[in-house]
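*Asks:* sequence and computational prediction follow.
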Amino acid sequence: SQKIEQNSEALNIQEGKTATLTCNYTNYSPAYLQWYRQDPGRGPVFLLLIRENEKEKRKERLKVTFDTTLKQSLFHITASQPADSATYLCALLLNSGYALNFGKGTSLLVTP
Amino acid sequence: GAVVSQHPSWVICKSGTSVKIECRSLDFQATTMFWYRQFPKQSLMLMATSNEGSKATYEQGVEKDKFLINHASLTLSTLTVTSAHPEDSSFYICSAGDRDSYNEQFFGPGTRLTVL
């Protein structure tokens, strides 16, 4: 069966450190992989998209890697801040124009 | 950036009543909108794909007669939960993609439905 797995346990890190979140998937061949941020009681906010033929993407303090052989994406937040505390969702897009398939998300808590 | 709004942001209703949720793309046209449902500490689950001017496509297990979707224009899709029951209480979220770039989807703020 198809699965998207993210760290189920919350990730607690100290301010200034790098947070690394993992997304693994099985029985998918996504054309795109996306990361979203979701705050409690709010809809997801798009952060980054990476295509199947891209290895790495960066945006300010964010970095995403995509390994289609391992079927894994890593999401990094460098110089983390308390304001980065949220749930981060990994989502797969099979083809353009189709709906996203989401993981359950990983909760990140950055403490001062 | 593209903005998607939802109305209402929360609603409480009695069991057996119907509730309509609106999803609007404010600054772009969306030929396709998606409706998701999210239970506490769970992932977003796709309910249906809403296409402007045509019938919605429902995911397996989602009752189309209970969750009525109308996509009457390029900026508005509505989800009506008919004869709501307590088990329908959830967080309903819509998303839309710019018609020129489906890869990036923009989500509404969500609607919290509580059925008493």
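*Replies:* Happy to help now that I have it.
*Asks:* parallel or antiparallel, list what pairs with the lengthiest strand in chain B.
*Replies:* The residue-count maximum for a strand in chain B (DSSP state E) belongs to strand B:90-98. With DSSP bridges as the test, strand B:90-98 is paired with strand B:32-38 (antiparallel), strand B:101-107 (antiparallel), strand B:111-115 (antiparallel).
*Asks:* now for the worst-scoring helix or strand of chain A on mean pLDDT, which elements pack on it?
*Replies:* Using mean pLDDT, DSSP states H and E, strand A:100-102 stands out as the lowest-scoring helix or strand of chain A, at a mean of 88. Under the contact criterion of 3 or more CB pairs under 8 Å, 6 or more residues apart in numbering or on different chains; DSSP states H and E, strand A:100-102 touches strand A:86-93, strand B:45-51. For every residue, glycine as well, the C-beta is placed using N, CA and C.
*Asks:* just how off-centre is it within its chain?
*Replies:* In this view, strand A:100-102 has its centroid 12 Å away from the chain centroid, taken as CA atoms, centre = their mean, to the nearest Å.
*Asks:* equivalent analysis for stretch A:49-61, please.
*Replies:* Distance, centroid of stretch A:49-61 to centroid of chain: 11 Å (CA atoms, centre = their mean).
*Asks:* repeat that for stretch A:9-26.
*Replies:* Per CA atoms, centre = their mean, the displacement of stretch A:9-26 from the mean C-alpha position of its chain is 9 Å.
*Asks:* is that stretch up against chain B anywhere?
*Replies:* No: remark: stretch A:9-26 sits outside contact range of chain B, by CB under 8 Å from any CB of the partner chain, the gap being at least 10.9 Å.
*Asks:* for chain B, which residues score under the pLDDT cut-off?
*Replies:* For chain B, the stretches with pLDDT under 70 are B:1, B:98-103.
*Asks:* got a list of what the residue most central in space within it touches?
*Replies:* Closest residue to the average C-alpha location of chain B: B:W35 at 3.7 Å, with CA atoms, centre = their mean. Neighbouring residues of B:W35 by CB atoms under 8 Å, 6 or more residues apart in numbering or on different chains: B:23, B:46-50, B:67, B:69, B:77, B:79, B:92-94.
*Asks:* which of these ranks first by neighbour count?
*Replies:* Most neighbours among these, by other CB atoms under 10 Å in any protein chain shown: B:C94, with 31 neighbours.
*Asks:* return the set of residues that bridge with that residue.
*Replies:* Beta-bridge pairing of B:C94 under DSSP bridges involves B:W35.
*Asks:* chain A contacts on chain B?
*Replies:* Contacts of chain B with chain A, taken as CB under 8 Å from any CB, map to B:4, B:6, B:32, B:34, B:36, B:41-46, B:49, B:91, B:93, B:95, B:97, B:102-110, B:112.
*Asks:* among those residues, name the buried ones.
*Replies:* Listed as buried from these are B:4, B:6, B:32, B:34, B:36, B:43-46, B:49, B:91, B:93, B:95, B:97, B:102-103, B:105-110, B:112; burial here means 16 or more other CB atoms under 10 Å in any protein chain shown.
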